[in-house]
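> sequence first, then the predicted structure:
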Amino acid sequence: MSNPSILILPGDGIGPEVMAEVRKVISWYGEKRDLQFDVSEDLVGGAAYDVHGKPLADETMEKAQEVDAVLLGAVGGPKYDDLDFSVKPERGLLRLRKEMDLYSNLRPAQCFDALADFSSLKKDIVAGLDIMIVRELTSGVYFGEPRGIFEEGNERVGINTQRYTESEIERAARSAFELAMRRNKKLCSMEKANVMESGILWREVVTRVAADYPEVELSHMYADNGAMQLVRAPKQFDVILTDNLFGDILSDCAAMLTGSLGMLPSASLGAPMANGRPKALYEPVHGSAPDIAGQGKANPIACILSFAMALRYSFDQGSEADRLETAVEKVLADGHRTGDLLGEEGVSPISTSEMGDVIIAALDDSL
Ligand code: NAI
Ligand code: MG
């Protein structure tokens, strides 16, 4: 059987810098754990625009459809800010998400003990936090028709439509229930069924899907209350399922419970391919950070933890994913910090590649 395949798209700004550290981790798994991957690399975002005049070449799109997992760094930067909307770097990423039909966006919010002081909340509220938000990513108000700015009488009206079909809700719900089965069998679905018909349908479909997962404890919550509960007592949750718009907001809110943007991974999953693996794209939540690009200051952990998610969700290597996450936890506990994680007195920052190196050393220690 051939090795599982990975397409690396480093992108712009700090994307290539953090991806170089992920490369070290991938090589480590090949050498030390005999986990071989067929790795190829291509361009996305501004880097692709510079060569092809568009932010994602058709050949790259085709490759992304064929591989087992895509790992993406970040796209964008001031150099491309004045480009026409149709060729902006972000369009490359949006095209990947759309054409791969990645409907389930997984955003963990996990608090590493060593960074609990970083949270804006009290330490005991966030210490040990480990929750996962599943955001529906391909439908809802960002895509619903009618949309636009229209003339109405003597003024204009801006219109967007929250629209969900039963099958769109069902497939997102299934992916959340599957996830809950691999975790603590606890799922909270958030909508606003009190004021939105799409929310009523959402609640109905999620409840129906729950019948196939009797072991999972399902609860429902209005999304506004969910926002309050997330900052009041986030540890009451395990998996949270929600729609595109609420998920956009709730996942950013949950993520910030735990500290720096440089720590946050994500996965976007679609339908299973012929080999049973889901279509998948893994990327850090942060952008291309032009303010620190090219200076060796970027924190590679968000991108490395995104690869850990790939190990778990694409390659069925849950215990190797645990190993990598534990290695990250260890280097943080040992006091290693990139610039974005500074705060304690007397700690001086290490570089992007030094952070990669201490994580590799911690992986070695784990053997
Ligand atoms: P950003 O995430 O790039 O940066 C926000 C702040 O966080 C900056 O001060 C940056 O230095 C810091 N930061 C981000 N990641 C870091 C890391 N790994 N280590 C240390 N510090 C880190 O967001 P911003 O500044 O709003 O956008 C910059 C560019 O990135 C824009 O062109 C934007 O469109 C693009 N962008 C791309 C995204 C993607 O590719 N998924 C997501 C968000 C923004
Ligand atoms: Mg957002």
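On my side now, so go ahead. Ligands and ions are numbered 1, 2, ... in the order given.

> could you report the neighbour count for the residue nearest to S260 when sequence neighbours are not counted?
Leaving aside its chain neighbours, S260 sits nearest to D340 (4.8 Å; criterion: C-beta to C-beta, 6 or more residues apart in numbering). The C-beta positions use only the backbone N, C-alpha and C, and glycine is treated the same way. Look at D340: counted by other C-beta atoms under 10 Å, it has 21 neighbours.

> tell me the spacing between the residue in the stretch 251-367 of the chain that ligand 1 sits nearest to and S27.
The stretch 251-367 of the chain approaches ligand 1 most closely through G287 (2.4 Å), counting by C-beta to the nearest ligand atom. Going from G287 to S27 by C-beta to C-beta, to the nearest Å gives 26 Å.

> ok, I6 next?
For I6, the distance to S27 - C-beta to C-beta - is 12 Å.

> over to D243?
The value you get for D243 to S27, if C-beta to C-beta is used, is 39 Å.

> for the residue nearest to S260, give me its contacts.
S260, L261, G262, K297, N299 (C-beta atoms under 8 Å, 6 or more residues apart in numbering).

> which one's more surrounded, D243 and S27?
D243 (29 against 13).

> and the residue nearest in space to the middle of the chain, bridged to which residues?
Computing the C-alpha centroid of the chain and ranking residues by C-alpha atoms, centre = their mean puts S266 first, at 1.5 Å. Beta bridges link S266 to E283 when assigned by DSSP bridges.

> ditto for E217
Residues in a beta bridge with E217, per DSSP bridges, are K186.

> now do it against F307, distance only.
Taking C-beta to C-beta, one finds E217 at 31 Å from F307.

> so these two - more neighbours on which side?
Taking other C-beta under 10 Å, E217 and F307 do not tie; F307 has more neighbours (25 against 14).

> what sits against the more buried one?
Here F307 is in contact with V22, V25, I26, L71, Y282, L324 (C-beta under 8 Å, 6+ apart).

> swap in 7 Å and give it another go.
V22, V25, I26, L71, Y282 (C-beta atoms under 7 Å, 6 or more residues apart in numbering).

> hang on, isn't G15 packed against G77?
No - using C-beta atoms under 7 Å, G15 is not in contact with G77; the gap is 9.6 Å.

> touching both of those two, which residues are there?
In contact with both G15 and G77: S288, using C-beta under 7 Å, 6+ apart.
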